[in-house]
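A.B. asks: below: sequence and its predicted model.
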Amino acid sequence: MEIKNLYDDSVKQEIIDRITKLTPASETKWGKMNVSQMLHHCQLPVLAAYGTIKPRGNFFLRLLGPMFKSVLYNENPYKQGLPTDKMYIITDEKDFEKEKTELLNLVEKFSESAVTKLPHPVFGKLSKEQWSKATWKHLDHHLKQFGV
């Protein structure tokens, strides 16, 4: 699987176009989230890349996270149903249009200057390129989950 760089304007536009194709009726191919919950869920790692939120992870994950951080951005696709930090699990109902607009805004402003220089609280230091590829990989995973 080719992991793309979200700083590239054409790659960013491709993600924006895919998000735009989602509708309230978009159905999941796997997982428990509906499309509105997924749109909200996808905002959180972008906000982490900006340094706005800080995932906590459990002690075990914080201890081992730096050794496994390449999973975030390597060429292997994410497996369906991977364990998720509690703060990223979305179970309450969300407003589709609001969540879609928020995610589109976050992706649109994604840039090297917007990404934090601070280490990821669970996985440790990430380069700007690693943040970009990890963010693209996560978005791609969930857009495929909903068939776009």
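C.D. replies: Noted; the coordinates are in hand.
A.B. asks: what about Ser39, distance to Glu97?
C.D. replies: You called it Ser, but residue 39 is Leu. Here Leu39 is placed at a distance of 10 Å from Glu97 (C-beta to C-beta, to the nearest Å). The C-beta positions use only the backbone N, C-alpha and C, and glycine is treated the same way.
A.B. asks: also Leu104?
C.D. replies: With C-beta to C-beta as the criterion, Leu104 and Glu97 are 11 Å apart.
A.B. asks: out of these two, which sits in the busier spot?
C.D. replies: A count of neighbours by other C-beta atoms under 10 Å puts Leu104 above the other of Leu104 and Glu97, at 15 against 11.
A.B. asks: buried set for the one helix or strand the more buried one maps to?
C.D. replies: Per DSSP states H and E, Leu104 falls inside helix 96-108. Going by neighbour count (16 or more other C-beta atoms under 10 Å), the buried part of helix 96-108 is Phe96, Glu99, Lys100, Glu102, Leu103, Leu106, Val107.
A.B. asks: before we move on, what about stretch 120-127?
C.D. replies: His120, Pro121, Val122, Phe123, Leu126.
A.B. asks: okay, the residues you listed in JSON lines with pLDDT and secondary structure next?
C.D. replies: Shown next, in JSON lines, are the buried residues of stretch 120-127 (pLDDT from 0 to 100; DSSP: H, G, I helix; E, B strand; the rest coil):
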{"residue": "His120", "pLDDT": "81", "secondary structure": "strand"}
{"residue": "Pro121", "pLDDT": "77", "secondary structure": "coil"}
{"residue": "Val122", "pLDDT": "78", "secondary structure": "coil"}
{"residue": "Phe123", "pLDDT": "83", "secondary structure": "coil"}
{"residue": "Leu126", "pLDDT": "91", "secondary structure": "coil"}
